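**Q** pasting the sequence and the predicted model now:
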Amino acid sequence: MVSRVIPVDPFDLVIFGGTGDLAQRKILPALFRRYCAGQWHDGVRILAAARSEHDSDAFRAIVARSLAEYAPEHAGQDDLRSGFLQSLDYVQLDAGADPGWDVLARKLTEDRIRAFYFSVGPSLFGPLAERIRQHGLATPQTRIVVEKPFGHDLDSARALNATLAAYFDENQIYRIDHYLGKETVQNLMAVRFGNMLFEPLWNSQYVDHIQITVAETVGVDGREEYYERAGAMRDMVQNHLMQLLCLIAMEPPAKFDSDAVRDEKLKVIRALDPVQPHHIVRGQYTGGPDGPGYREVVGNPRSTTESYVALRAHVSNWRWAGTPFYLRTGKRLVARSSVINVIFKDAPHSIFGAEAGRHANTLSIRLQPNEGITLKVTIKEPGQGGMRLIDVPLDMSFAEALGPENHQAPDAYDRLVMDVIRGNQTLFMRGDEVEAAWAWTDPIIAGWQARGDVPKPYDSGSTGPGDAELLMKRDGRQWQGIKP
Ligand code: NAD
């Protein structure tokens, strides 16, 4: 089976911050891969705009090095690489000053899709939006793309939404949460809403609980200043884990279109109960043989910023009343693993007797690494000696079914950047969703501040603080292992 590539219409894409880490590591390699796949053709213009002084050839040389490193699968395809590099251009400008904008304006093409990617710090989102308008660069076909973090709390997110709304309509604003671009996250929707098998069981009558884990092995090195102000709650829970929770918990939208999907996600966020203080555990990693602890890295011996959060959330509606959602995320943990586990209830009665044990089905949706979906089913242990039951994974082997050329999951940015050009906002967050997520997050953080809460220390390379295990144990449950 060969995947279908439908070329997009010609476009101009301006990447503010085009020399930065995100542009070089993710956005430009994604564009290159889509060019190699034939998704867009020569004639497209990709303009990087940043403060540093480069001419276009010097910028192309920088990008050539990034492609070698971050799109190695196309190494040796020199014609494609030079075709891609020819589409690139560079403009020196400061987001907060006027010089350079007239040069940018002259390089843009009339009457075609125009996208501005804000791959810069959030303090520049407002000034950029304003200057795009001031210099007459915004056309009806214009869209802007903004990266996380989108605000620091509800007030700042509201202010940012209001600033962007002063210059652009909501249907021109693409707020990226790259988790939504992951192939398995989209597969989660396909599995839920494309099959009859799961949806009838997808409720509190049959689902015991849900676990969402996003575990990282990296620390905060290189992002100390930002992270010390953010912590795991703002950096991960308010956006990535919240989006995953929404996709698991939402009602089937009437259509797979951007507003229908986002309306349903918004209802989930609004149905979340406030989290009780005894249902949340914060942690902070300590140093060890593999490196310094959090406080050393950020240079603040009294830091109370959390590098780990585990919590129990409840979606108060008919479908989910009584089914807890356990969320956890942390840095410097034992393995890099993002997985959603849907743990079904035990069979109501075992005809095999107590010695056969209790066996609950689990549907695991792995986002990284090794994207894929596994359903654990109970079978008879092979061989003689009576009816002993074991759980085995029923692997939905996409690789086997789809053929080797299609099983390599594309990077989230490949999908998201092309969706911007296509004008499809389904996998992007709407302004009201972001605000609702902050409205749920803010009281949790305010509670920590009011109580002077100090995160529990945990060893680097562990599964997190012991209290997170207790959070589950108290409910007669346990976390699934964090496996690479
Ligand atoms: P970076 O510091 O590596 O790059 C910043 C870029 O912005 C550079 O090209 C710089 O020249 C440009 N820039 C800075 N000030 C400017 C100004 N006044 N005018 C014009 N250009 C200016 O940052 P990054 O890691 O690429 O991150 C960019 C944005 O994306 C940030 O908002 C960040 O939070 C977000 N983000 C980054 C990642 C990542 O993996 N790097 C992941 C998620 C979100």
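**A** Structure received.
**Q** what's the mean pLDDT across stretch 148-159?
**A** Stretch 148-159 carries an average pLDDT of 96.
**Q** endpoints of it, how far apart?
**A** Start and end residues of stretch 148-159 are separated by 15 Å (Cα to Cα, to the nearest Å).
**Q** the host helix or strand of Leu375 - what's its average pLDDT?
**A** In this assignment (DSSP states H and E), Leu375 forms part of strand 372-380. In this model, strand 372-380 has an average pLDDT of 87.
**Q** what lines up beside that strand in the sheet?
**A** strand 362-368 (antiparallel), strand 389-395 (antiparallel) (DSSP bridges).
**Q** now the last one - C-alpha only, CSV.
**A** Once side chains and other backbone atoms are set aside, the C-alpha atoms of strand 389-395 remain, and they are given as CSV (Å, rounded to 0.1, in the frame of the first residue of the first chain):
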residue,chain,number,x,y,z
LEU,A,389,-4.9,-17.6,32.4
ILE,A,390,-2.3,-15.2,31.1
ASP,A,391,-2.5,-11.8,29.5
VAL,A,392,-0.9,-11.4,26.1
PRO,A,393,-0.7,-8.4,23.8
LEU,A,394,-2.8,-8.5,20.7
ASP,A,395,-0.5,-6.2,18.7
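**Q** that older thread, nearest to the ligand, out of the strands paired with strand 372-380?
**A** strand 362-368 (14.1 Å; Cβ to the nearest ligand atom). The C-beta positions use only the backbone N, C-alpha and C, and glycine is treated the same way.
**Q** so of the strands paired with strand 372-380, which one's packed in deepest?
**A** strand 362-368 (a mean of 20; mean count of other Cβ atoms under 10 Å).
**Q** now that one: how far from the chain's centre is it?
**A** Its chain's C-alpha centre and that of strand 362-368 lie 15 Å apart, by Cα atoms, centre = their mean, to the nearest Å.
**Q** likewise stretch 173-182?
**A** 6 Å.
**Q** begin at 330 from now on, thanks
**A** OK, 330 is where the count begins now, so the last one is stretch 502-511.
**Q** do that stretch and the ligand meet at all?
**A** No. Using Cβ under 6 Å from any ligand atom, stretch 502-511 stays clear of the ligand, with a minimum separation of 6.9 Å.
**Q** quick one: end-to-end length of that stretch, please.
**A** 20 Å.
**Q** per-residue pLDDT, whatever residue of the stretch 330-479 of the chain ends up closest to the ligand?
**A** Nearest residue of the stretch 330-479 of the chain to the ligand, counting by Cβ to the nearest ligand atom: Gly349, 2.2 Å away. Gly349 carries a pLDDT value of 95.
**Q** neighbours around it, how many?
**A** 17 (other Cβ atoms under 10 Å).
**Q** got a list of what Arg695 touches?
**A** 513, 666-668, 701-703 (Cβ atoms under 8 Å, 6 or more residues apart in numbering).
**Q** of the residues you listed, closest to Lys477?
**A** Ser667 (15.9 Å; Cβ to Cβ).
**Q** pretty sure Glu700 sits against Lys511.
**A** Yes. Using Cβ atoms under 8 Å, Glu700 is in contact with Lys511, at 6.8 Å.
**Q** for the nearest residue to the residue of the stretch 330-479 of the chain closest to the ligand once chain neighbours are set aside, what are its contacts?
**A** Of all residues not flanking Gly349 in the chain, Ser448 sits nearest, at 5.8 Å (Cβ to Cβ, 6 or more residues apart in numbering). Residues near Ser448 by Cβ under 8 Å, 6+ apart: 344-347, 349, 351-352, 356, 476.
**Q** isn't Lys594 up against Leu576?
**A** Yes. Using Cβ under 8 Å, Lys594 is in contact with Leu576, at 7.2 Å.
**Q** and Glu635, what pLDDT?
**A** 98.
**Q** next, count neighbours for it.
**A** So Glu635, with other Cβ under 10 Å, has 30 neighbours.
**Q** any idea how far it lies from Ile694?
**A** 25 Å (Cβ to Cβ, to the nearest Å).
**Q** chain neighbours aside, what residue packs nearest to Arg591?
**A** Arg759 (4.6 Å).
**Q** so what's that neighbour up against?
**A** 499, 504, 587-588, 591, 595.
**Q** for it, what are phi and psi?
**A** Arg759 adopts backbone torsions of phi -90, psi 160, taken as degrees, to the nearest 10.
**Q** state the distance from it to Asp592.
**A** 9 Å.
**Q** residues from the protein in reach of the ligand?
**A** Going by Cβ under 6 Å from any ligand atom, the residues of the chain near the ligand are 345-352, 379-381, 423-425, 448-451, 453, 476-477.
**Q** restricted to strands, list those.
**A** Members of the residues of the chain next to the ligand lying in strands (criterion: DSSP state E): 345, 379.
**Q** just the buried residues of the residues of the chain next to the ligand.
**A** The neighbour count (16 or more other Cβ atoms under 10 Å) marks 345-349, 351-352, 379, 424, 448-449, 451, 453, 476-477 as buried among the residues of the chain next to the ligand.
**Q** Three-state assignment for Thr468, please.
**A** Secondary structure state of Thr468, per DSSP: H, G, I helix; E, B strand; the rest coil, is coil.
**Q** what is the neighbour count of it?
**A** Thr468: 12 neighbours (other Cβ under 10 Å).
**Q** contacting residues for the nearest residue to it once chain neighbours are set aside?
**A** Leaving aside its sequence neighbours, Thr468 sits nearest to Arg443 (Cβ to Cβ, 6+ apart; 5.8 Å). By Cβ under 8 Å, 6+ apart, the residues touching Arg443 are 340-341, 343, 437, 466, 468, 470-472.
**Q** at 10 Å what do you get?
**A** Applying Cβ atoms under 10 Å, 6 or more residues apart in numbering, we find Arg443 in contact with 340-343, 374, 437, 461, 466-473.
**Q** kindly report the same for Arg641.
**A** 538, 602, 604-605, 607-610, 653-656, 800-801, 803-804, 806.
**Q** in the stretch 480-629 of the chain, mark out all the helices, start to finish.
**A** Assigned by DSSP state H, counting those that start in this stretch, the helices in the stretch 480-629 of the chain fall at 483-496, 512-523, 553-561, 571-578, 587-599, 623-627.
**Q** possible to save the strands paired with strand 701-709 as CSV with mean pLDDT and distance to Asp408?
**A** Formatted as CSV, these follow (pLDDT from 0 to 100; distance: least, Cβ to Cβ, whole Å):
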stretch, mean pLDDT, distance to Asp408
strand 691-697, 91, 32
strand 718-724, 83, 39
